[in-house]
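[1] here you go, sequence then predicted model.
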Amino acid sequence: HHSRHRLPPDYAMTGQSTLKQLQDKLRRSGTWLLLGVFCVLGVIICRQITQVMQQNYDDRFTDARELMEKAVLESTRVDLEQLSLLEQQYGVFLYLYNRGEEIKLPYSISEQKEEWRTQAAALIQSCRGTLLPEEDQLQKESSLAGVRASYIMQRLESGQTAELLILQPDEAMNNAILQACLGPTAALLLACLFLIAFYRLWLTRAFAPAYAAQKAQLDFLSLAGHELRTPVTVIRSNTELLAQRKDSSSDMLHNIQTETLRMDVLIEDLILFSRVQTKNLRLNLQRVDACELLLDCYTRFYPLLNAEGRHLILQPPPEEDVSLQADLMRLGQMLGILVSNANAHTPAGTTVTLGLEQKDGWVELYVQDDGPGLPSNSKQSGTVQGTHLGVGLPIARELARMQGGTLLQQNISPHGARLAFRFPLMQDSH
């Protein structure tokens, strides 16, 4: 069975980054959820406080009006000092008139009362205009921008006409509501910040075992690779010496040598995969001649593919130099992974083509074969979204990303597959 294995989702490859992405997602969603809950609670509490304060100011205005009416209209002698004290106690402004002339109170509770005097006089004139000649009494509630007003007029038995205009500015009520809401809002904010910090701390501790288990797994891969490297090196060196002898065991020794080479490649892949996953890999980015790189890859892999019945072809390079910025050793290793992948998952007799293509400021180093192609469910927007069951393609994909490149895949007509590394073309490469 020579068809390629299905490429599972990306998180099957990059477990560590997936854990971090999941943790970040839970951290963000939990933070926003807590903020939303506390915002709703804050709105509900502030609305309740506003309703209570508004009702309290309504009651204060009603009480002040009744007391001032009683002190002016039901008394034989008006006590101006008492009226000034009532102004201060209930936070209202009283404008008192007798026979059309204003009577000044002895105490001024606020400069704001003087600022409202002009509008108060205009309101009194407006109310007087609605009074009919035969009427002896008029009470009218009205409102101006930013103030509540109550006008009372009554003709007294003494022939005098008493007029009272009581104003209650909204500014005082708004300031009181703001001050009343500040305390609960600050308490809710502190509680919210505390719960967010506690949630994030809990989330970090909850994910700690997963990170520890993953680190142990990656450490095991690295340790296993290092432990296996020594015996494999010894076996390979001895089989190379034995293979040089011309006797009947040379074919078996050749098979042993081939398998140890494959095991050596797998061990190197395990070690490199562990370094990539733990971000413990340093890249030496430099100017790389793409044509020389392809020629070197062709020289290295032609004997292997030819021995296994496949044909490796190198497309003629362009006349001009093609350069890109990458790690020369790692890029050669990445191309080797693609060639090995084509060799492992195509039938004997398959032609594998190695070449490069330039388009729109990019250069693509590709490996193309005329084998069975990729499964249809492994293609998504022409970009590799998953991994082979081994560790080769995950390493190639991650190394390409670390060097500013991308690993692409596509099926070609009538059959076959094309895997390519796309890198930005260096500006002075032409």
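    All right, it came through fine.

[2] please name the residues that touch the spatially closest residue to residue 63 that is not a sequence neighbour.
    Nearest residue to residue 63, sequence neighbours excluded (C-beta to C-beta, 6 or more residues apart in numbering): residue 90, at 6.6 Å. (Each C-beta comes from the backbone N, C-alpha and C, glycine too.) Under the criterion of C-beta atoms under 8 Å, 6 or more residues apart in numbering, the neighbours of residue 90 are 60, 61, 63, 64.

[3] redo that, cut-off 7 Å
    For residue 90, the contact set (C-beta atoms under 7 Å, 6 or more residues apart in numbering) comprises 60, 63, 64.

[4] count residues in the vicinity of residue 293, would you?
    By the measure other C-beta atoms under 10 Å, the count of residues near residue 293 is 19.

[5] which residues does it contact?
    In this structure, residue 293 makes contact with 331, 332, judged by C-beta under 7 Å, 6+ apart.

[6] shouldn't it be within a helix?
    Yes: the assignment for residue 293, made by DSSP: H, G, I helix; E, B strand; the rest coil, places it in a helix.

[7] renumber starting at 408 from here on
    Shifting the count to begin at 408 puts that one at residue 700.

[8] could you measure from it over to residue 738?
    Residue 700 sits 6 Å away from residue 738, taking C-beta to C-beta, to the nearest Å as the criterion.

[9] surely residue 500 and residue 578 touch.
    No: under the criterion of C-beta atoms under 7 Å, residue 500 makes no contact with residue 578, lying 11.9 Å away.

[10] which one's more surrounded, these two?
    Neighbour count, other C-beta under 10 Å: between residue 500 and residue 578, residue 500 has more, with 23 against 10.

[11] what pairs with the more buried one across the strands?
    In this structure, residue 500 has the following beta-bridge partners (DSSP bridges): residue 574.

[12] local confidence estimate at it?
    The confidence metric pLDDT takes the value 88 at residue 500.

[13] do you know how far it is from residue 828?
    Taking C-beta to C-beta as the measure, residue 500 and residue 828 are separated by 81 Å.

[14] and if you look at residue 468?
    From residue 468 over to residue 828 (counting by C-beta to C-beta), the distance is 79 Å.

[15] please apply the same query to residue 441.
    In this structure, residue 441 and residue 828 are separated by 44 Å, where distance is defined by C-beta to C-beta.

[16] out of those two, which sits in the more crowded spot?
    Here residue 441 and residue 828 are set side by side on neighbour count (other C-beta under 10 Å), and the busier one is residue 828, at 26 against 17.

[17] which neighbouring elements make contact with the helix or strand where residue 622 lies?
    Counting by DSSP states H and E, the element that carries residue 622 is helix 577-650. The criterion is 3 or more C-beta pairs under 7 Å, 6 or more residues apart in numbering; DSSP states H and E, and the helices and strands that helix 577-650 contacts are helix 422-480, helix 657-684.

[18] looking at those helices, which is closest to residue 617?
    Of all the helices and strands packed on helix 577-650, helix 422-480 sits nearest to residue 617, with 5.7 Å by C-beta to C-beta.

[19] measure how the closest one sits relative to helix 577-650, angle-wise.
    180 degrees (axes from the mean of the first three to the mean of the last three C-alpha atoms, to 10 degrees).

[20] continuing past helix 422-480, what's the next helix or strand?
    Once the chain leaves helix 422-480, the next helix or strand it forms, by DSSP H and E, is helix 487-497.

[21] just the C-alpha atoms of that next one, please, in PDB.
    Below are the C-alpha coordinates for helix 487-497, written out as PDB (Å, rounded to 0.1, in the frame of the first residue of the first chain):
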ATOM      1  CA  LEU A 487     -37.300  84.800  56.600                       C
ATOM      2  CA  GLU A 488     -34.500  83.300  58.600                       C
ATOM      3  CA  GLN A 489     -36.600  80.100  59.000                       C
ATOM      4  CA  LEU A 490     -37.000  80.000  55.200                       C
ATOM      5  CA  SER A 491     -33.200  80.400  54.700                       C
ATOM      6  CA  LEU A 492     -32.700  77.500  57.100                       C
ATOM      7  CA  LEU A 493     -35.100  75.400  55.100                       C
ATOM      8  CA  GLU A 494     -33.200  76.200  51.900                       C
ATOM      9  CA  GLN A 495     -30.000  74.900  53.500                       C
ATOM     10  CA  GLN A 496     -31.600  71.900  55.000                       C
ATOM     11  CA  TYR A 497     -33.300  70.600  51.900                       C
END
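
[22] tell me the buried residues in it?
    Of the residues in helix 487-497, those buried under the neighbour-count criterion (16 or more other C-beta atoms under 10 Å) are 487, 490, 491, 493, 494, 497.

[23] can you state the direction angle for that helix and helix 422-480?
    Using the same axes, to 10 degrees, helix 487-497 lies at 170 degrees relative to helix 422-480.
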